[in-house]
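Asker: Fold the stuff below for me.
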Amino acid sequence: VQLVESGGGMVQPGGSLRLSCAASGFTFSSYDMSWVRQAPVKGPEWVSGINTGGGTTYYADSVKGRFTISRDNAKNTLYLQMNSLKPEDTALYYCARGSPVAAMTNRIWGQGTQVTVSS
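Answerer: This next block holds a predicted model:
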């Protein structure tokens, strides 16, 4: 299993970023997928999830209305569009295999991509 995130960076408050996750080594289309983040000196926080077909999505209250998760099963790629970013969104963002519970329990994550929101 390999999950490789990209797209992180530094952005001002109110800005946008789009994260991508390239998956390989397993049948991507057969798994729910999630995004998880971890801020400095905090525990990991589940952010968003999507079902196998992409038709059902889930969000943490902290990002609802600002973030959009999506997937392209033909490209084995997971995305997270992040708009109206806030300083409290600063964290290392991980692509995670599985539904929200499985993502946090099994911890099949990539190496992470850093998102920093600062003026």
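Asker: and stretch 85-98, average pLDDT?
Answerer: Predicted confidence along stretch 85-98 averages 97 (mean pLDDT).
Asker: and that stretch, which residues are buried?
Answerer: Leu85, Asp89, Thr90, Ala91, Leu92, Tyr93, Tyr94, Cys95, Ala96, Arg97, Gly98 (16 or more other C-beta atoms under 10 Å). Quick note: C-beta positions are derived from backbone N, CA and C, even for glycine.
Asker: Repeat that for stretch 70-89.
Answerer: For stretch 70-89, using 16+ other C-beta under 10 Å, the buried residues are Arg71, Asn76, Thr77, Leu78, Tyr79, Leu80, Met82, Leu85, Asp89.
Asker: who's in contact with the third one?
Answerer: Same thing as Thr77. Counting by C-beta atoms under 8 Å, 6 or more residues apart in numbering, Thr77 touches Ser20, Cys21, Ala22, Ala23, Arg71.
Asker: Which ones among those residues lie within strands?
Answerer: The members of these that map onto strands under DSSP state E are Ser20, Cys21, Ala22, Ala23, Arg71.
Asker: in the sheet, who's paired with the third one?
Answerer: Translated: Ala22. On the basis of DSSP bridges, Ala22 is bridged to Val4, Thr77.
Asker: Give me the neighbour count for it.
Answerer: Look at Ala22: counted by other C-beta atoms under 10 Å, it has 16 neighbours.
Asker: All the helices of the protein, residue numbers only.
Answerer: Taking DSSP state H, the helices of the chain run over residues 100-106.
Asker: any low-confidence regions in it?
Answerer: Regions of the chain meeting the criterion pLDDT under 70 are absent.
Asker: quick one: buried residues of stretch 4-13?
Answerer: Within stretch 4-13, the residues scored as buried using 16+ other C-beta under 10 Å are Glu5, Gly7, Gly8, Val11.
Asker: any idea how far the most centrally placed residue in the chain is from Glu45?
Answerer: Geometric centre of the chain, nearest residue: Trp35, 2.7 Å, by C-alpha atoms, centre = their mean. Distance, Trp35 to Glu45, using C-beta to C-beta, to the nearest Å: 10 Å.
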